[in-house]
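1. Whatever this is, show me its structure:
(chains A and B)
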2 protein chains.
Amino acid sequence: MIQNDRKPTIQTCYSPALYDLFHEENAIVVAVDILRATSAICTAFEHGVKSMIPVAGLEEAFEYKRNGYLVAAERNAVKQDGVDFGNSPLHYISPEIKGKTIVISTTNGTQAIEAAKGKATIVIGSFLNLSALAGWLSEQNRNILILCAGWKNKFNMEDSLFAGALANKLIESGEFETLCDSTIAAGYLYERASDNMFEFLGRSSHRHRLKDLDLEEDIKFCLQQDIFTSIPVFNGKELVNLKAIQEPV
Amino acid sequence: MIQNDRKPTIQTCYSPALYDLFHEENAIVVAVDILRATSAICTAFEHGVKSMIPVAGLEEAFEYKRNGYLVAAERNAVKQDGVDFGNSPLHYISPEIKGKTIVISTTNGTQAIEAAKGKATIVIGSFLNLSALAGWLSEQNRNILILCAGWKNKFNMEDSLFAGALANKLIESGEFETLCDSTIAAGYLYERASDNMFEFLGRSSHRHRLKDLDLEEDIKFCLQQDIFTSIPVFNGKELVNLKAIQEPV
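-> Numbering: from 1, shown residues only, chains lettered A, B, ... in the order given. Model (predicted):
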């Protein structure tokens, strides 16, 4: 809660490894891993999953699997053997996930959630739920930290473009302000890229990585804007759909 | 030395705290703190300083002072009491520094040098010596890591603009390539800003910080391109002028 007349602010952290530098009491953390973890999580909630349990380590994910849970596990863009789902949002467009709980562990996305777990309110962002998320954030009157998952703690392009898209939208609404250089830079990058993000990402490292794995359709899916309205939120134990809970977080 | 037919690459690290993620055997590290440490260092060498000893801690700097050295020390953009110089490049435009050794400790710039010290060849970059530096780097046939000092380990705009200016120049020469997202992003930012960097930086956090301290002239000085040809290089103990040494580094 902002206690004075100043507008709430927006910061952007490009690497989960630097989360602690940006931590603020009461800020809302928007965790972002566009290609593909947070896009997949938004897709799962839009298709009726009841909850998702993010875990950082693969061993923990496999332990859940042995205990009968549905498990999604990906490393270096590849689905792990013996689990139910990978990191593709297309895996979650299925009536079978309705009402289920899925444990999820990914190279970057779940590491970002891990960095802020227990320290801040965490919500999940993607281009798929961009406007719904921006609308909800605008009603909270709290500072925002956009936490990019990046690639193994390095800056990546697609998460930064999302940070810019979200920050620009919030600032244009007139209800937020920022002096954060990484937020301002992300906004400029998004302006430059927004006409054709798919083409813009053609130079980026991760698009090359996914291209080799024939995942161009996944990328196109993840770059669609506002096709979903679900907002996944971490309740301290698992991700749930904000629509489905009554309490403020 | 690159051992095959591939072109040498360029990476950009936005925070000294993440240096180890980017470290590569044999890469040349370009340390950057545009406002104002590396601009000041380039200015000092252009005006005949013999060597500069970068130290991370203020206590170490004061110890040198007690031992009779000339000392430059700055924290949070303010010159420290009892030393000879602050962080302003204008302090070094003086015949008195000719042939002298100056110990230097700053909020961010010397921390960047510290991160790579003993691990890589380190050279000092600024807009002031941009083309001279790019020319020299082009002759080395080694991978390059542009290490931005940032602001207390966070991304900052002005160092990233320099990274983009240098990377674009090297890539346009046809002798380098990159798939590094932070390098590509910096290049786009520089393209956006290059017509009027001073105005572009008007939104940035550090320009606000320096504006409050009435340091607009310093900023304008630091944004000049190619007024110097000196390239400071760290020889393992201190910074010296590349022109003045015979051995390859």
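2. which parts of chain A sit against chain B?
-> For chain A, the residues in contact with chain B (CB under 8 Å from any CB of the partner chain) are A:14-15, A:17-18, A:21-22, A:151-157, A:160, A:179-182, A:184-185, A:188-189, A:192, A:203-206, A:208. For every residue, glycine as well, the C-beta is placed using N, CA and C.
3. residues contacting residue A:42?
-> For residue A:42, the contact set (CB atoms under 8 Å, 6 or more residues apart in numbering or on different chains) comprises A:89, A:124, A:126, A:128, A:129, A:228, A:230, A:232.
4. Confirm it sits in a strand?
-> No: counting by DSSP: H, G, I helix; E, B strand; the rest coil, residue A:42 is not found in a strand; it is helix.
5. all helices of chain A, in order?
-> Secondary structure of chain A (DSSP state H): helices located at A:19-22, A:37-46, A:58-66, A:109-116, A:130-138, A:157-172, A:181-193, A:197-200, A:205-212, A:216-222.
6. Okay, now the unreliable bits of chain A?
-> For chain A, residues meeting the criterion pLDDT under 70 lie at A:1-4, A:246-249.
7. At the geometric centre of it, which residue do we find?
-> The centroid of chain A falls nearest to residue A:32 when counting by CA atoms, centre = their mean (2.8 Å).
8. and the gap between that residue and chain B?
-> Distance check for residue A:32 against chain B: by CB to the nearest CB, to the nearest Å, it reads 14 Å.
9. from what I can see that residue touches residue A:149, true?
-> Yes: look at residue A:32 against residue A:149 with CB atoms under 8 Å: they come within range, at 6.2 Å.
10. how about residue A:153, what does it touch?
-> By CB under 8 Å, 6+ apart, the contact set of residue A:153 is A:15, A:16, A:17, A:111, B:18, B:21.
11. Of the residues you listed, which is the most crowded?
-> Among the contacts of residue A:153, the one with the most neighbours (other CB atoms under 10 Å in any protein chain shown) is residue A:15, at 29 neighbours.
12. so it makes contact with residue A:151?
-> No: with contact defined as CB under 8 Å, residue A:15 does not count as touching residue A:151 (9.5 Å).
13. quick one: which of the contacts of residue A:153 is nearest residue B:100?
-> Set against residue B:100, the nearest of those by CB to CB is residue B:18 (34.3 Å).
14. how much space is there between the closest one and residue A:150?
-> Counting by CB to CB, to the nearest Å, the gap from residue B:18 to residue A:150 is 10 Å.
15. likewise residue A:217?
-> To residue A:150, residue A:217 is 23 Å away according to CB to CB.
16. Neighbour count: the two, which is higher?
-> The neighbour count for residue A:217 versus residue A:150, taken as other CB under 10 Å, is higher for residue A:150 (28 against 11).
17. residues touching that one, list them.
-> A:14, A:15, A:16, A:108, A:112, A:156, A:159 are the contacts of residue A:150 under CB under 8 Å, 6+ apart.
18. Now for residue A:188: which residues touch it?
-> A:164, B:188, B:189, B:192.
19. What of residue A:108?
-> By CB under 8 Å, 6+ apart, the contact list for residue A:108 reads A:16, A:33, A:37, A:149, A:150, A:151, A:152.
20. ok, now residue A:102?
-> Taking CB under 8 Å, 6+ apart as the criterion, residue A:102 is in contact with A:44, A:49, A:51, A:52, A:53, A:69, A:70, A:71, A:72, A:84, A:85.
21. Spatially nearest residue to the last one (excluding sequence neighbours)?
-> Meaning residue A:85. Spatially, and ignoring its direct neighbours in sequence, residue A:85 is nearest to residue A:72 (3.7 Å; CB to CB, 6 or more residues apart in numbering or on different chains).
22. Tell me what the one you found is bridged to.
-> Using DSSP bridges, the beta-bridge partners of residue A:72 come out as residue A:85, residue A:104.
23. Quick check: residue A:21 touching residue B:152?
-> Yes: contact between residue A:21 and residue B:152 holds when scored by CB under 8 Å: they sit 7.3 Å apart.
24. how about TSV for the contacts of residue A:42, with neighbour count added?
-> Below are the contacts of residue A:42 laid out as TSV (neighbours: other CB atoms under 10 Å in any protein chain shown):
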residue	neighbour count
A:89	25
A:124	30
A:126	32
A:128	26
A:129	27
A:228	22
A:230	23
A:232	28
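25. if you look at those residues, which of them are in strands?
-> Judged by DSSP state E, the subset of the contacts of residue A:42 located in strands is A:124, A:232.
26. coming back round to it: between the contacts of residue A:150, which is closest to chain B?
-> Chain B has its nearest neighbour among the contacts of residue A:150 in residue A:156, at 5.0 Å by CB to the nearest CB.
27. okay, now the residue nearest to residue A:97 when sequence neighbours are not counted: neighbour count?
-> Nearest residue to residue A:97, sequence neighbours excluded (CB to CB, 6+ apart): residue A:49, at 4.7 Å. Using other CB under 10 Å, residue A:49 has 25 neighbouring residues.
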